[in-house]
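S.K.: output the structure for:
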Amino acid sequence: MEYGLKPTDLTLMEQINLTDREIARRKHLFDFVPEDEARLLAVKPFIEREMDTIIQRFYDKQLENPEVYNIIGDSETLVRLKLAMRGYVESLFGGVLPGRICQ
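M.R.: This next block holds a predicted model:
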């Protein structure tokens, strides 16, 4: 990591120096094949359209657990978590690079 940069200044891929070779190894580990990439791309419009509902249902379920409820603690934290979740899900579908899905 470059001097003066905080981890939050970098993407996850930049932080862990994810190489093409490592991506290929991880894909192999999970038996991730080109058809899987095509499936992800096929559901992308649905995910984009239903993103708010998906995230809301996820947190509704999480908040049924008293421990999770107490950890989240307040509405501002919940809003930040939902925004972070949105960014994460978008990155899953936005991480399509030539020949690979990552991020």
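S.K.: could you pull up the mean pLDDT of stretch 37-49?
M.R.: Here stretch 37-49 scores 89 as its mean pLDDT.
S.K.: which intervals of the chain have sub-threshold pLDDT?
M.R.: The chain contains residues with pLDDT under 70 at 1-3, 7, 12-14, 94-103.
S.K.: ok, now which ones touch the residue most central in space within the chain?
M.R.: Nearest to the geometric centre of the chain sits residue 88, at 3.0 Å (C-alpha atoms, centre = their mean). Going by C-beta atoms under 8 Å, 6 or more residues apart in numbering, residue 88 touches no other residue. (Each C-beta comes from the backbone N, C-alpha and C, glycine too.)
S.K.: begin at 12 from here
M.R.: With 12 as the first residue, the last one maps to residue 99.
S.K.: could you list the buried residues of the host helix or strand of it?
M.R.: In this structure, residue 99 sits in helix 86-105 according to DSSP states H and E. Neighbour-count burial for helix 86-105 flags 100, 104 (criterion: 16 or more other C-beta atoms under 10 Å).
S.K.: no more questions from me, cheers.
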